[in-house]
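Chemist: sequence and computational prediction follow.
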There are 2 protein chains.
Amino acid sequence: MTEGVVERSRPRDRILETARDMFHKHGIKGVGVDAITEAAGTNKMTLYRHFESKDDLIVECLRANAAKAGAMWEAFEAEFPGDKLAQLHAWVRKAAAMLNADGRGCDMANAAAELTEPDHPARLVIKELKEAQRERLVTLCRDAGIGQAELLADTLSLLFEGARVSVQTVGAEGPSTQFVRMAEGLIVSFRGTAAG
Amino acid sequence: MTEGVVERSRPRDRILETARDMFHKHGIKGVGVDAITEAAGTNKMTLYRHFESKDDLIVECLRANAAKAGAMWEAFEAEFPGDKLAQLHAWVRKAAAMLNADGRGCDMANAAAELTEPDHPARLVIKELKEAQRERLVTLCRDAGIGQAELLADTLSLLFEGARVSVQTVGAEGPSTQFVRMAEGLIVSFRGTAAG
DNA sequence: CTAGGGTGTTACCGGTCTGTAACTATGCAA
DNA sequence: TTGCATAGTTACAGACCGGTAACACCCTAG
């Protein structure tokens, strides 16, 4: 009765979820473990019983983000079963929606900007997850029957990545407003050229 | 009359230069003022005699970066006087060179990722300087006789921005390798369409 | 020579950070 | 009931952070 909060989930899940949100909003070095545990309604000892270190927590947060992104791809397939071109356009719409979601960029890109030590554990998983994402987009382009699928996928991915940092620096009214127009134009252009 | 021998630049210049380098390499929150002054061969008191605070130093570093970038544009004009299209291609080559320079992205984008407080003094100058950069590229495209100059400029700028974060996340062997090909293709494509 | 501005040195303040120790409280299961 | 895993509490260690005070130094202008 008196407790109506989200105390239903287990401390580990609450910590992970809260950390994801706070890292996203305030950056990784801008949030301490004390603030995370307090916001998660638990305490520091419990955090360190579930995670080896803050770096470990960071890595788990990045993996959780990637898992959520993976679910997005499954949603595309569910919405347009077999229609790969429609799924590609869905990706463009979803990307545009993320641009307007909040003024923060990609969590992995932001993490890479903050964690500069070359052997930081997060850098490995960032590279791994970004490469997996790229592979997915390349496959989607190829299955959509587009020639030079790699080039289109890389171009779209660079445009999106650039748009995300653009909203973070100059805001949502900057060059990123043209993202959909650019992306759709590119898809049309690549569809026009014969495969090869 | 008094000046002449510059065997060693003044403390303020050394601090500014050192801070620019260290912020670039290790991020802003990853470097303390003690480390900066020590690397600059001076001490903390001297830093605080020339800069109001670390935030003030950050802003001055960003402005110094922008000034250096401004010199780049003048170099284009000096190398290809009046030939705006050649200057645009020079911009593409210069951008590609920056991608391979080191694995770090744009200092302003990285600063925006780190400094999340909405009213942080650095955010204002980042927006101001990025908008100035964009205006320069738009003007160059327009003077090069390209129709839809804004759209080309924004597309190129997003591609470049995306390529910089890409090298920072997956490395220089990722999608950013195709940057020149993408950019040149876009310029050709936009030149083909009639102005209007 | 002298005065003074720029610089260097040392020590310190109050705060925050990650991470740990020791102990207590709770809930569930045999 | 007993036993054990999980979670909460308090306190602390050790390091680092941005920023300041007080004072000694040196070079040069006058």
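Modeler: That came through fine.
Chemist: please make it C-alpha for all contacts and neighbour counts, starting now.
Modeler: Noted.
Chemist: how many neighbours does A:R181 have?
Modeler: Counted with other CA atoms under 10 Å in any protein chain shown, residues neighbouring A:R181 total 13.
Chemist: that one sits in which helix or strand?
Modeler: helix A:179-192 (DSSP states H and E).
Chemist: in the helix or strand of chain A with the lowest mean pLDDT, which residues are buried?
Modeler: Taking mean pLDDT, DSSP states H and E as the measure, chain A has helix A:179-192 as its least confident helix or strand, at a mean of 95. For helix A:179-192, the neighbour count (16 or more other CA atoms under 10 Å in any protein chain shown) marks A:179-180, A:182-184, A:186-187, A:190-191 as buried.
Chemist: and if you look at stretch A:45-64?
Modeler: Neighbour counts over stretch A:45-64 (16+ other CA under 10 Å) mark A:47, A:51, A:57-63 as buried.
Chemist: again, but for stretch A:106-117
Modeler: Using 16+ other CA under 10 Å as the burial criterion, the residues of stretch A:106-117 that qualify are A:106-116.
Chemist: how about stretch A:130-138?
Modeler: A:130-131, A:133-134, A:137-138.
Chemist: what about dumping the CA coordinates of it to PDB?
Modeler: These are the backbone C-alpha positions of stretch A:130-138, laid out as PDB (Å, rounded to 0.1, in the frame of the first residue of the first chain):
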ATOM      1  CA  LYS A 130      28.800  -0.900 -33.900                       C
ATOM      2  CA  GLU A 131      30.200  -3.400 -36.400                       C
ATOM      3  CA  ALA A 132      27.200  -5.700 -35.700                       C
ATOM      4  CA  GLN A 133      24.800  -2.800 -36.400                       C
ATOM      5  CA  ARG A 134      26.600  -2.000 -39.600                       C
ATOM      6  CA  GLU A 135      26.400  -5.600 -40.700                       C
ATOM      7  CA  ARG A 136      22.700  -5.500 -40.100                       C
ATOM      8  CA  LEU A 137      22.100  -2.400 -42.200                       C
ATOM      9  CA  VAL A 138      24.300  -3.800 -45.000                       C
END
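Chemist: just how off-centre is it within its chain?
Modeler: 12 Å (CA atoms, centre = their mean, to the nearest Å).
Chemist: what's the answer for stretch A:60-80, then?
Modeler: On CA atoms, centre = their mean, the centre of stretch A:60-80 falls 9 Å from that of its chain.
Chemist: contacts for the strand or helix carrying A:H24?
Modeler: Counting by DSSP H and E, the element that carries A:H24 is helix A:11-26. Around helix A:11-26, the neighbours that count as contacts under CA atoms under 8 Å, 6 or more residues apart in numbering or on different chains are A:28, A:30-31, A:36-37, A:39-42, A:46-47, A:50, A:57, A:60-62, A:65, A:104, A:107, B:114-117.
Chemist: try 6 Å this time
Modeler: Outside helix A:11-26, the residues that touch it by CA atoms under 6 Å, 6 or more residues apart in numbering or on different chains are A:36, A:40, A:61, B:116.
Chemist: these also near DNA strand C: which ones?
Modeler: Among these, no residue lies close to DNA strand C (CA under 7 Å from any atom of the strand).
Chemist: where does pLDDT dip in chain A?
Modeler: A:1-8, A:193-196 (pLDDT under 70).
Chemist: cross-check the buried residues of stretch A:130-138 against DNA strand D and keep the overlap.
Modeler: Counting by CA under 7 Å from any atom of the strand, no member of the buried residues of stretch A:130-138 reaches DNA strand D.
Chemist: pick the one among those closest to A:A71.
Modeler: Nearest to A:A71 among the buried residues of stretch A:130-138 is A:Q133, at 12.0 Å by CA to CA.
Chemist: how close does that closest one sit to chain B?
Modeler: Distance from A:Q133 to chain B, counting by CA to the nearest CA, to the nearest Å: 11 Å.
Chemist: distance of that residue from DNA strand C?
Modeler: 29 Å (CA to the nearest atom of the strand, to the nearest Å).
Chemist: from A:K44, how far out is the closest residue to DNA strand C within chain A?
Modeler: The nearest approach of chain A to DNA strand C comes at A:G32, 3.2 Å away (CA to the nearest atom of the strand). Distance, A:G32 to A:K44, using CA to CA, to the nearest Å: 10 Å.
Chemist: got it, and A:A95?
Modeler: In terms of CA to CA, A:A95 sits 36 Å off from A:K44.
Chemist: neighbour count for the two, which is higher?
Modeler: Neighbour totals were compared for A:A95 and A:K44, and A:A95 leads with 19 against 14 (other CA under 10 Å).
Chemist: so where does the more buried one fall, helix or strand?
Modeler: Per DSSP H and E: helix A:84-101 holds A:A95.
Chemist: quick one, that helix and helix A:179-192 angle?
Modeler: Angle between the axes of helix A:84-101 and helix A:179-192 is 160 degrees (criterion: axes from the mean of the first three to the mean of the last three CA atoms, to 10 degrees).
Chemist: roughly how far does A:D154 sit from B:N110?
Modeler: In terms of CA to CA, A:D154 sits 22 Å off from B:N110.
Chemist: try A:E161
Modeler: 13 Å.
Chemist: same deal with A:A149?
Modeler: Taken as CA to CA, the span from A:A149 to B:N110 is 30 Å.
Chemist: got the domain ranges for chain A?
Modeler: A:1-51, A:59-192 (automatic domain parsing).
Chemist: reformat the ones you listed as CSV; add distance to B:R142.
Modeler: Below are those laid out as CSV (distance: least, CA to CA, whole Å):
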stretch, distance to B:R142
domain A:1-51, 38
domain A:59-192, 16
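Chemist: just name the most buried of the ones you listed.
Modeler: Greatest average neighbour count among the domains of chain A goes to domain A:59-192 (a mean of 19), per mean count of other CA atoms under 10 Å in any protein chain shown.
Chemist: and the biggest helix by length in chain A with helix A:84-101, angle?
Modeler: In chain A, taking DSSP state H as the definition, the longest helix is helix A:54-79. Helix A:54-79 runs at 130 degrees relative to helix A:84-101, counting by the same axes, to 10 degrees.
Chemist: all set now, cheers.
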